[in-house]
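Enquirer: give me the fold of what follows.
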Amino acid sequence: MLKLRNISIKNKLILMQVFTSVLVLSIVFGVFIFTDINSYKQRKLDSIISLAQVIGTNSISTIQFQDAEAATEMLHELHNVSPEIIHASIINKHGEVFARYSRGGADSFKIRDILKQKKFLFIDNELLVSNPIVSNNEVIGKVYLDVELSELQQIKQYKFELAIILLIGAIVFSFLIALGIQTYISKPLLKLVNTMKKVSKTGDYQKPLADEGKDEIGTLIQVYNKLMQQIQENIQKKDEFIGIASHELKTPLTTIKGYIEMLNMMEQDPTKKQFVQKAMKNVNKLERLIKDLLDVSKIQSGQLQLEMNDFNIQDLLDDTVNSVQLVSTHEIIREDNLGNEMIYGDRQRIEQVLLNLLSNAIKYSPGENRIVIESEKTDKELLIKIRDFGIGVPKDEQLNIFERFYRTKETSIHISGFGLGLYICRDIIRRHYGKIWVETAEKGSIFIFSLPLKHSLTTQQTPV
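Expert: From the prediction side, this is the model:
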């Protein structure tokens, strides 16, 4: 069953307006029908009571002179005067039937039993009326009339059919009006929601929404714009800090690295040399981090430049795999045969992408001993796949892992890192007019990036 809270705000507004219209119109039509029926009953009651009074007045002499035949003849005349009368009876003061008339031949004595002390009574589609016959302030009898209200049934049917037709028309008309009116309410809200989704997906906080009103929605948009402005300012300050800190750290780190390299060459004691080498390892790690931070700063400021040249992708793969294999505990298995395929791009930056993906594959597959590199060539692009057999990337996080500083929830606690490498890789591949993504394997993950072949590049794509 569809829950109301799962329905879009646009449809909620339409449903609310249509439901309100239907409810109000139903009440109005109900009151209208009830009032009209009661009005008809009152008119009919007044008419029949008047007729009973006339019959009573004309029956005085017949009762006084005991002329039952004349009274009966007078009652039978009701067939022409008021054909809806089913039964009519004149009762004398002793409670005996003096004269009677029955349209359908049914017993008319039931009227007296049903009415008892009441002057009138509506039963289903019949009206029962009792009226005294008075002479010289003395009640000498009573007139009982049973009237068929066939017209009432027709009025009810007509009114209900009319109400249903008008209600259906009102629903359609209300729906059309609601469909038009809801745009003024839901459109800015939906625009805000779509903008927030886009911001969440792209991280672009620089597009404020137009303030189109002073109502609550307008206030919400103003708050959103201020929030986006604050976020943008904070991001800008953070980027400035990262850029300044990276530049300031680079010079002293280079000096420290030089001194440690000199110590490594001068030190002969194996125990002391071991400490120097550990220091060198951490300095190299810090150097890589600073390089990543500098790259991020350049990407954010639009200053990351590429040196585009033709290079052999097979040679690049050979050099990269050999350099990684020297220091890796994993065996890198090659399942590629690219031949002498030439790529137009920045060889150093593509090597940076390969190194990052290979180091990630090794880091996130502890306990395993192999990494597989595959390649595939189409008419327009080259695909390079790096597969590991490690812990993998959850499907709901595969789009986010290429965002800056993002790390998967399951690995961020156990494995060190800053979430910069894949962000830089994505920017480099995009600048080469390629794509990068991750797929889930039976065990582990497959990171894939594409590079356009040289002949498929357009003139607008060549220099970056």
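
Enquirer: burial count for residue 136?
Expert: Residues contacting residue 136 under the criterion other C-beta atoms under 10 Å number 6. In this view, the C-beta of every residue, glycine as well, is placed from N, C-alpha and C.

Enquirer: could you do residue 67 as well?
Expert: As a burial measure, the neighbour count of residue 67 was computed by other C-beta under 10 Å and equals 16.

Enquirer: which non-adjacent residue is nearest it?
Expert: If the residues on either side of it in the chain are set aside, residue 67 comes closest to residue 61, at 7.5 Å by C-beta to C-beta, 6 or more residues apart in numbering.

Enquirer: how much space separates residue 114 from residue 90?
Expert: Taken as C-beta to C-beta, to the nearest Å, the spacing of residue 114 relative to residue 90 amounts to 17 Å.

Enquirer: quick one, which of those two is more surrounded?
Expert: Neighbours of residue 114 and residue 90, each counted by other C-beta under 10 Å, are more numerous for residue 90; the result is 24 against 15.

Enquirer: quick check: next helix or strand after the strand or helix carrying the residue nearest to residue 67?
Expert: Secondary-structure assignment from DSSP states H and E places residue 61 in helix 9-64. In the C-terminal direction, the helix or strand that comes right after helix 9-64 (DSSP H and E) is helix 68-76.

Enquirer: just confirm residue 83 is within a helix.
Expert: No - Residue 83: not assigned to a helix; according to DSSP: H, G, I helix; E, B strand; the rest coil it is coil.

Enquirer: that one: how many residues sit nearby?
Expert: 11.

Enquirer: so what pLDDT did it get?
Expert: We have a pLDDT of 85 for residue 83.

Enquirer: ok, then the element right after the strand or helix carrying residue 323?
Expert: Using DSSP H and E, the secondary-structure element containing residue 323 is helix 313-327. Per DSSP H and E, the first helix or strand lying C-terminal to helix 313-327 is strand 331-335.

Enquirer: for that following strand, name the packing helices and strands.
Expert: Contact here means 3 or more C-beta pairs under 8 Å, 6 or more residues apart in numbering; DSSP states H and E; on that basis strand 331-335 packs against helix 313-327, strand 370-377.

Enquirer: contacts made by it with the rest, please.
Expert: Applying C-beta atoms under 8 Å, 6 or more residues apart in numbering, the external contacts of strand 331-335 come out as 317, 321, 324, 325, 358, 369, 370, 371, 372, 373, 374, 375.

Enquirer: and the nearest residue to the second one once chain neighbours are set aside, bridged to which residues?
Expert: Once flanking residues are discounted, residue 321 sits nearest to residue 332: 5.2 Å by C-beta to C-beta, 6+ apart. Beta-bridge pairing for residue 332 (DSSP bridges): residue 371.

Enquirer: and residue 332, how many residues sit next to it?
Expert: Counted with other C-beta under 10 Å, the neighbours of residue 332 add up to 18.

Enquirer: just residue 342 next, same as before
Expert: 14.

Enquirer: if I look at it, how far off is residue 135?
Expert: Separation of residue 342 from residue 135 (C-beta to C-beta) stands at 129 Å.

Enquirer: likewise for residue 199?
Expert: Between residue 199 and residue 135 the distance, using C-beta to C-beta, works out to 96 Å.

Enquirer: quick revisit: want to throw the helices and strands packed on strand 331-335 into a markdown table with distance to residue 432, mean pLDDT and mean neighbour count?
Expert: Converted to a markdown table, the helices and strands packed on strand 331-335 look like this (distance: least, C-beta to C-beta, whole Å; pLDDT from 0 to 100; neighbours: other C-beta atoms under 10 Å):
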| stretch | distance to residue 432 | mean pLDDT | mean neighbour count |
| --- | --- | --- | --- |
| helix 313-327 | 12 | 88 | 15 |
| strand 370-377 | 16 | 89 | 17 |
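
Enquirer: next, format those as JSON lines and append distance to residue 149.
Expert: Shown next, in JSON lines, are the helices and strands packed on strand 331-335 (distance: least, C-beta to C-beta, whole Å):
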{"stretch": "helix 313-327", "distance to residue 149": "97"}
{"stretch": "strand 370-377", "distance to residue 149": "88"}
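
Enquirer: which one of the ones you listed lies nearest to residue 451?
Expert: The stretch from the helices and strands packed on strand 331-335 with the least distance to residue 451 (C-beta to C-beta) is helix 313-327; that distance is 7.6 Å.

Enquirer: other SSEs contacting the closest one?
Expert: Applying 3+ C-beta pairs under 8 Å, 6+ apart, one finds that helix 313-327 makes contact with strand 331-335, helix 347-363, strand 370-377.

Enquirer: how far out from the middle of the chain is the last one?
Expert: Using C-alpha atoms, centre = their mean, to the nearest Å, we find the averaged C-alpha position of strand 370-377 to lie 41 Å away from the chain's own average C-alpha position.

Enquirer: next, the angle from it to strand 331-335.
Expert: Between strand 370-377 and strand 331-335, the angle comes out at 20 degrees (axes from the mean of the first three to the mean of the last three C-alpha atoms, to 10 degrees).

Enquirer: what residues of the helix or strand following strand 370-377 count as buried?
Expert: Beyond strand 370-377 on the C-terminal side, the first helix or strand identified by DSSP H and E is strand 381-387. Residues of strand 381-387 classed as buried: 382, 383, 384, 385, 386, 387 (neighbour count, 16 or more other C-beta atoms under 10 Å).

Enquirer: quick one: the strands in the stretch 101-250 of the chain, in order.
Expert: According to DSSP state E, counting those that start in this stretch, the stretch 101-250 of the chain carries its strands in the segments 120-123, 126-135, 138-148.

Enquirer: wait, which of these is closest to residue 229?
Expert: In this view, the strands of the stretch 101-250 of the chain are compared for proximity to residue 229 by C-beta to C-beta, and strand 120-123 is the closest at 73.2 Å.

Enquirer: ok, residues contacting that closest one?
Expert: Everything outside strand 120-123 that qualifies as a contact, by C-beta under 8 Å, 6+ apart, is 41, 45, 48, 49, 114, 115, 127, 128, 129, 130, 149.

Enquirer: pLDDT for those - can I get that in JSON lines?
Expert: Rendered in JSON lines, the data for the contacts of strand 120-123 read as follows (pLDDT from 0 to 100):
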{"residue": "41", "pLDDT": "87"}
{"residue": "45", "pLDDT": "89"}
{"residue": "48", "pLDDT": "88"}
{"residue": "49", "pLDDT": "89"}
{"residue": "114", "pLDDT": "73"}
{"residue": "115", "pLDDT": "72"}
{"residue": "127", "pLDDT": "87"}
{"residue": "128", "pLDDT": "89"}
{"residue": "129", "pLDDT": "90"}
{"residue": "130", "pLDDT": "89"}
{"residue": "149", "pLDDT": "86"}
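
Enquirer: drop anything exposed from these.
Expert: Going by neighbour count (16+ other C-beta under 10 Å), the contacts of strand 120-123 have 41, 45, 48, 49, 115, 127, 128, 129, 130, 149 buried.

Enquirer: from the residues you listed, pick the one nearest residue 270.
Expert: Comparing these against residue 270 with C-beta to C-beta picks out residue 41 as the nearest, at 116.6 Å.

Enquirer: now that closest one: closest residue in space that isn't a chain neighbour?
Expert: For residue 41, ignoring the flanking residues on the chain, the nearest one in space by C-beta to C-beta, 6+ apart is residue 122 at 6.4 Å.
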